[in-house]
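Asker: Give me a model of this one.
(4 chains)
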There are 4 protein chains.
Amino acid sequence: MTARALRLGMVGGGEGAFIGAVHRMAAALDGEWRLAAGAFSTDAGRNARTGDALGLDTRRVYESFDAMIAGERALPADARIDALAIVTPNHLHAPMAIAALEAGFHVFCEKPMAMSVAEARAIADAARASGRRFALAFTYSGYPLIEEARARVARGDLGKIRLIQAEYLQGWLSEPIDNAGNKQAEWRTDPARAGLGGCLGDIGTHAFQLAEHVSGLQVESVSAELTTHVPGRRLDDDVSALLRFAGGARGLLKASQVAAGEENGLKLRIHGERGGLEWSQMEPNTLVLRWLDRPAEIVRAGGPGLQDGTAKLLRTPSGHPEGYIEAFANLYRAFAAAIHGGDEDRWFPRVTDGLRTMLFIEAVIANAESDQKWTMVDPGENE
Amino acid sequence: MTARALRLGMVGGGEGAFIGAVHRMAAALDGEWRLAAGAFSTDAGRNARTGDALGLDTRRVYESFDAMIAGERALPADARIDALAIVTPNHLHAPMAIAALEAGFHVFCEKPMAMSVAEARAIADAARASGRRFALAFTYSGYPLIEEARARVARGDLGKIRLIQAEYLQGWLSEPIDNAGNKQAEWRTDPARAGLGGCLGDIGTHAFQLAEHVSGLQVESVSAELTTHVPGRRLDDDVSALLRFAGGARGLLKASQVAAGEENGLKLRIHGERGGLEWSQMEPNTLVLRWLDRPAEIVRAGGPGLQDGTAKLLRTPSGHPEGYIEAFANLYRAFAAAIHGGDEDRWFPRVTDGLRTMLFIEAVIANAESDQKWTMVDPGENE
Amino acid sequence: MTARALRLGMVGGGEGAFIGAVHRMAAALDGEWRLAAGAFSTDAGRNARTGDALGLDTRRVYESFDAMIAGERALPADARIDALAIVTPNHLHAPMAIAALEAGFHVFCEKPMAMSVAEARAIADAARASGRRFALAFTYSGYPLIEEARARVARGDLGKIRLIQAEYLQGWLSEPIDNAGNKQAEWRTDPARAGLGGCLGDIGTHAFQLAEHVSGLQVESVSAELTTHVPGRRLDDDVSALLRFAGGARGLLKASQVAAGEENGLKLRIHGERGGLEWSQMEPNTLVLRWLDRPAEIVRAGGPGLQDGTAKLLRTPSGHPEGYIEAFANLYRAFAAAIHGGDEDRWFPRVTDGLRTMLFIEAVIANAESDQKWTMVDPGENE
Amino acid sequence: MTARALRLGMVGGGEGAFIGAVHRMAAALDGEWRLAAGAFSTDAGRNARTGDALGLDTRRVYESFDAMIAGERALPADARIDALAIVTPNHLHAPMAIAALEAGFHVFCEKPMAMSVAEARAIADAARASGRRFALAFTYSGYPLIEEARARVARGDLGKIRLIQAEYLQGWLSEPIDNAGNKQAEWRTDPARAGLGGCLGDIGTHAFQLAEHVSGLQVESVSAELTTHVPGRRLDDDVSALLRFAGGARGLLKASQVAAGEENGLKLRIHGERGGLEWSQMEPNTLVLRWLDRPAEIVRAGGPGLQDGTAKLLRTPSGHPEGYIEAFANLYRAFAAAIHGGDEDRWFPRVTDGLRTMLFIEAVIANAESDQKWTMVDPGENE
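Answerer: Next up is the predicted model:
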């Protein structure tokens, strides 16, 4: 509790960007992080305005990522940033993460981790070599009831798992806004900046990560279809996949950014021999458990029946809803704890989680381009 | 309105059977049908008790299907049954339907229509040759808000359709009750009586039929996996399929009878360029419409905003829930109207709907047994 | 089971009326009743058309209530009606019920029972003297999960009851349609035909009856406000009441017919020392139980955990929704069973239930017109 | 945006206290406040540990409220706190608020504002005399969709308002934990520290404030019942009230802390001539609008159709849930804006809002102790 607040630097996240602001609120919420430096935009004016609005010392509002790394390294150890948040488009994740790790900074990186499995492995190598922490923003795994679900499956409440259904439906790319000046849409649909997968990389990876994280099972093979519904779009905007999990469980993954009218519909359902669970991100404080032999239960954040690990992720009593920013803040807290060297129990998504998503992306793309039904997903076990 | 009540015969549906009783309630509800004859069970005592409980003239409680057909044909035209409800296990559907049609009776048959495409085509031939009506118990398509959904899609409210997701989750076969004396489970998992598909034929067909009926689009090809999770079971208890629809829409079909804790979770979601719809059988009086550019709407049975065709399917004002039996009764009403030769507008599932499901079953099974990704579904257009 | 179908006569319920048709469907559903006679309308043409549409023998479509009573009494005992359904405006309930009982017919009467406590007592006397059965259409108490709720409270699951909240919100009288040709609205807002209470008598009584029936507790005193929001309306269209129950439980009753946009929102919530329950008529197959010390449970019609008495009220397996007509049919089944002299366990609303609602109506009206805070509700114990 | 972060002091909120931590997170979230001083507990060890955990300069962790006021006044203007958060039991609100205002500090005070109307008026006087800002933690009015609801009512979407129903159900005081060492329960049920109302003051005031704030209407008179269900408890734990609003709207207020199994069920429903709205705190990102003549709409935080003022209160895109802390943070942002002298449009609860709740509390208590039906609520207009 009395550990000092850590100093955070940020690359990307200039005014108008969505996810940078969320990182800052999540880091600020519990008082364990303090924003200390930034290179928010390659547009000098925008960069300066962002730094000013955030109340940063102007000397620590850097004109570039490289300048920030150099500048911070030049500061005394008790002044320089502890960790760097990378909230840029995807193609910059790997080079920046590697440089930051090598310069001795911990890294909290946006997902997807990298543009390729090879890049992901290079980050893994850099993290290992540097001894620094690498966290990935699989935000949804920071929700308390996701931990509750994971713990319930792990201790066998549902019995052997048979079915895993993960879906993530958005509608905001239903129209060709990627060519109409929407900055968020623009880079996400540009293969050079987003990577091989469009919807697949942007949100399919969240659904995949949640499915593996909560079930504790790895996808062994996949049969998939990637579709681009909006004419002129250069990447997929819609993903469907059949999944075969280790141990025999069968899964479905559905992700779409052209499900017109949907908001941010990430939903996970898992069924085992004795019961099933259902969790929906848009009502994240409820976990429904269904049973073969007794009435379904509504497990609630802060309510009776929670596992110990869940309670540690909560800030308010039952009935006082916590949301997306709080889930994100749980990752920042766990990341801080790991840096302080304490409480290693607090889970956050790490290199191995990121690598799995990259292996999955590559397997899906390979399968979607082939006529064969199933493509193996490399377990990535030795990383 | 003043048309006389039609006389219904029934084969199958002895005491203890579920679906026979539902047919009888559905037929009785609106006073347009009267149960007049039956061959309810091959167990003579059970047959007699059922007939007695139903208040039937003992002379019209027949010892066998053949006896019923012969006995009814021998009655004067103004006394004999008008139509036969076939509520037996699947392997008897085709031979009985064909015999009844050839004997001049209309037929209301349980689904799946038959054991094979060939049998389904034979029924189609018999119906054509006899000039008699053939209805199939795709009950869920009798819900008023399914008609609302269909009409909305047809008039283009959602724009061009892109995504179609149909799912049907049950949990009642999670344990090996098929070998433990559960009569319902026993025949449904016996290939000789259920047919080639287990879960696929029993409930996958409902999901498929609803998807095509509401979207107005045909599935062109399918990539599927059939799984048997419960050891010793002889048919699939779990189905996953990727669907490609005519016109480019992409679909998912998920059906399972081992989703422990689920009841009767049939759900349909369709998204087009401008919006999406969602309907769930367990709350059938609500249809949610979501839009790109305005708040989602909750369309309610009996409430404002319904299409004319929907209102005709309702019996109570808004807020007075109608359910499964009423949906079923809507099919019996439409079937009666067709027999009377009036109101041809009232929709009910017919030979072509049944044939499509058989073509789908065969394509899924062929695909699931192969290594190829996609299998075409015969359009069955010329039937 | 083998008991003969009973013969039902009906007064009121001509074409276009809502509740008469519901009575007919409810009676028909289980094959235990057969409509045999009727005096549907004082408009001769409407009366004849209704009888014809229902397939009745024209000799048993009577021009008046008196003619029906006389005509049916003149038939042999094995042909005449067993019971009479009274579905007229309220002012006719008592005189017709008394006449029918005295003529030897059982009576199934719409609610509210009568225009006054005095009338209700006269019906009670007639029922007692005749030895005939008298049932009241408190339809909502026929829902299976209302029985589940009642049984749970009775066996003490919730502990001593502290709070009872009953509400019934409709919006259909938000505009002055009573003066614009809406027949349903017209008589319901006419004191001469509806009685002293408008909204109070029409739907407030349902909420009151459900509260007492499920809690097993009587209201001892009431503090109420009756409001008429729509200018020109002659009866209340909105009711609010504080309730004091025997034993110390405190309650609220809210009923309104000017809650614009609401459909048929009857909802009951009861809390005791250890937990609470919630039931909503618009999703009648779900009963939520909340507990102090464990997660809330979703008890479902047909699902695990039901009491024996609930299961007897169900016609379909879990997940196949039953609705308003089935709830109504449960009352007709119980009424039939009582007439046959069998299964007295099946509950239906009787004279005492009706009398309680009349005592409540009079207490509410007395209180609403006074400046005193509380008015006692006569327990009606000796009836 | 570039305004400096304001410095916050806090009295109360030592380790283990709930609401103090929420104030700190809410203030931190947007980077507009920095915790600079505190007197967290009269227990010296607890006080010191809290200050240490929060990373405060030990010189600004004061042993008492008086010491903090004196100590901060002695600091230079650009170092001392700008505002004081008062998160103590209720009996300390008024003396501390008045002292802080008189010492030149702005005040953000927990509710209820004070122990009496007289105290509330004294605070009002002190605020007026000092020219300092006074904010009250009616947190729920900080939810974005509460603003949406308010704006919709204000511009007449629902037409003239007829019904207002506010309820707040909790279950955490179902057992006599106030005498069993639960600190939160202990002071809340002690008249000397909580004030005249128990449940009434603690949560009934929230329901009342929301009802008046969203409807824009004042309660003119009240008829109420206060009940203490748990034996030995010294204050009410259950409130029911009939409300008469200016202009003829009728209302119900229900608040309970013995609704066993309920969490934090604050819910508001308002109906007017043309439609109604419903909002529930436990799913705060949804506002349901129902209409007489078209389907109900689901207005969502971040979704289409929001008023401009609502959008300003949101931090994330639609489907990324915001919760209780974010609602609270909206009040701190608005309070900061008012102090900076800018954006006066941002609403937060002020002296007049607090005074209204005190006037309501006194009217309810007066009525509950009398036999008269209605008690006027002083409009407090001239404050």
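Asker: Which of the three states applies to A:D202?
Answerer: Secondary structure state of A:D202, per DSSP: H, G, I helix; E, B strand; the rest coil, is helix.
Asker: For it, which non-adjacent residue is closest in space?
Answerer: A:R188 (5.6 Å; C-beta to C-beta, 6 or more residues apart in numbering or on different chains). The way it works is simple: take the backbone N, C-alpha and C, and place the C-beta from them, glycine included.
Asker: Next one: that neighbour, what pLDDT does it get?
Answerer: In this model, A:R188 is scored at 77, pLDDT.
Asker: Next, the contact list for the one residue in the stretch 101-250 of chain A that gets nearest to chain C, please.
Answerer: Closest contact between the stretch 101-250 of chain A and chain C, by C-beta to the nearest C-beta, is at A:E148 (10.7 Å). Counting by C-beta atoms under 8 Å, 6 or more residues apart in numbering or on different chains, A:E148 touches A:287, A:299, A:306-307, A:309-310.
Asker: Buried among those residues? Need that as a selection in ChimeraX.
Answerer: Here is the ChimeraX command that selects the buried residues among the contacts of A:E148 (16 or more other C-beta atoms under 10 Å in any protein chain shown):
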select /A:287,299,306,307,310
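Asker: Would you mind checking which of the contacts of A:E148 is nearest to D:R7?
Answerer: A:T310 (35.2 Å; C-beta to C-beta).
Asker: In this structure the closest one contacts A:P144, no?
Answerer: Yes: between A:T310 and A:P144 there is a contact under C-beta atoms under 8 Å: 5.0 Å.
Asker: so who does the closest residue to chain B within the stretch 1-150 of chain A touch?
Answerer: In the stretch 1-150 of chain A, the residue found nearest to chain B is A:A149; the distance is 14.1 Å by C-beta to the nearest C-beta. For A:A149, the contact set (C-beta under 8 Å, 6+ apart) comprises A:214, A:268, A:270, A:277, A:279, A:287.
Asker: Please identify which helix or strand holds the residue of the stretch 51-200 of chain A found nearest chain B.
Answerer: Closest residue of the stretch 51-200 of chain A to chain B, C-beta to the nearest C-beta: A:R162 (4.8 Å). Using DSSP states H and E, A:R162 maps to strand A:161-169.
Asker: ok so the residue of the stretch 1-150 of chain A closest to chain B is a helix residue?
Answerer: Yes: A:A149: assigned to a helix according to three-state DSSP.
Asker: From the rest of the structure, what touches the helix or strand bottoming out on mean pLDDT in chain A?
Answerer: Least confident helix or strand, chain A: helix A:183-188 with a mean of 78, by mean pLDDT, DSSP states H and E. For helix A:183-188, the external contacting residues (C-beta under 8 Å, 6+ apart) are A:16-18, A:89, A:172-173, A:177-179, A:193-194, A:198, A:202, A:235.
Asker: what's the answer for stretch A:173-181, then?
Answerer: Against stretch A:173-181 from outside (C-beta under 8 Å, 6+ apart): A:185-186, A:188-190, A:199, A:230-233, A:237, A:257-260, B:273-274, B:292.
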